[in-house]
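Colleague: sequence unavailable; structure follows:
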């Protein structure tokens, strides 16, 4: 994927997009007020192109979702996907093809629609506590995170003990973490980390798609579809602090 500086106009798109929350530190303690439904936000850290987050938002319209992405070029792609959904939401009745939706419907670049229950953040996950107050996050999703395979980079893994302690601080009572990966070494590391930090394991699977009960409510990511199609077992754990 091209870096953001090589995508003409992308910086302007990110700066202008209504899907992107700016000055996020100012929202600390008031996140539910951003959405029509005043539910605590559920966050995906490392959302990639945003498909999982947007699919979750569509499946659960009474819940709120915030996608966090560190790479601006990836966020740009997520905005593009969100705008396609926006155009479909605002299309004239009987038209679902964004290519034939007239500009008069979208008034230029499409913005968020009434009831839209997801937003994006461009930020480093190490600053979560600067953006979310204690107990302000309903759930955390970690999907196919960077494994940082070198041992000296272990503290950068999103399931490292330092991150788990930070998650505990921002999660509401009853909240927790769902983690999925096809990387067995990262999964073993993550399993050890949540136990070290005294999280309560609610579910563990080293072959998620073979478990009918766990798969019943599973929303797949693009990576998940790709890796499972190759025959890679998907590992999953769900834990609460």
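Modeller: Arrived safely. Predicted, not measured: the structure shown is a model, and the values here were computed from it.

Colleague: okay, and the helix or strand of this structure with the least pLDDT?
Modeller: Here the helix or strand of the chain ranked lowest by mean pLDDT, DSSP states H and E is helix 103-106, holding a mean of 40.

Colleague: can you give the contact residues for stretch 161-179?
Modeller: By Cβ atoms under 8 Å, 6 or more residues apart in numbering, the surrounding residues in contact with stretch 161-179 are 40, 125-126, 128-129, 132-143, 145, 155, 157, 159, 187, 190, 193-194, 196-197, 199, 202, 236-241. C-betas here are computed from N, CA, C, even on glycine.

Colleague: now the buried members of the residues you listed.
Modeller: 40, 125, 128, 132, 136-143, 145, 157, 159, 187, 190, 193-194, 197, 199, 236-241 (16 or more other Cβ atoms under 10 Å).

Colleague: out of these, which sit inside strands?
Modeller: If you go by DSSP state E, these have 139, 140, 141, 142, 143, 236, 237, 238, 239, 240 in strands.

Colleague: residue 227: which of the residues you listed is nearest?
Modeller: Nearest to residue 227 among those is residue 143, at 11.2 Å by Cβ to Cβ.

Colleague: avg pLDDT for the longest helix along the chain?
Modeller: In the chain, assigned by DSSP state H, the helix with the most residues is helix 72-89. The average pLDDT for helix 72-89 rounds to 88.

Colleague: name whatever forms a beta bridge with the residue positioned nearest the centre of the chain.
Modeller: By Cα atoms, centre = their mean, the chain has its centre lying nearest to residue 44, at 2.6 Å. According to DSSP bridges, the partner residues bridging residue 44 are residue 67, residue 141.

Colleague: what sits against it?
Modeller: 52, 53, 56, 65, 66, 67, 68, 140, 141, 142, 143 are the contacts of residue 44 under Cβ under 8 Å, 6+ apart.

Colleague: what's the closest non-adjacent residue to the first one?
Modeller: This points to residue 52. Of all residues not flanking residue 52 in the chain, residue 221 sits nearest, at 4.4 Å (Cβ to Cβ, 6 or more residues apart in numbering).

Colleague: let me see the contact set for the closest residue to residue 75 other than its chain neighbours.
Modeller: If the residues on either side of it in the chain are set aside, residue 75 comes closest to residue 69, at 4.7 Å by Cβ to Cβ, 6+ apart. Contact analysis of residue 69 by Cβ under 8 Å, 6+ apart lists 46, 47, 48, 50, 75, 78, 120, 121, 122.
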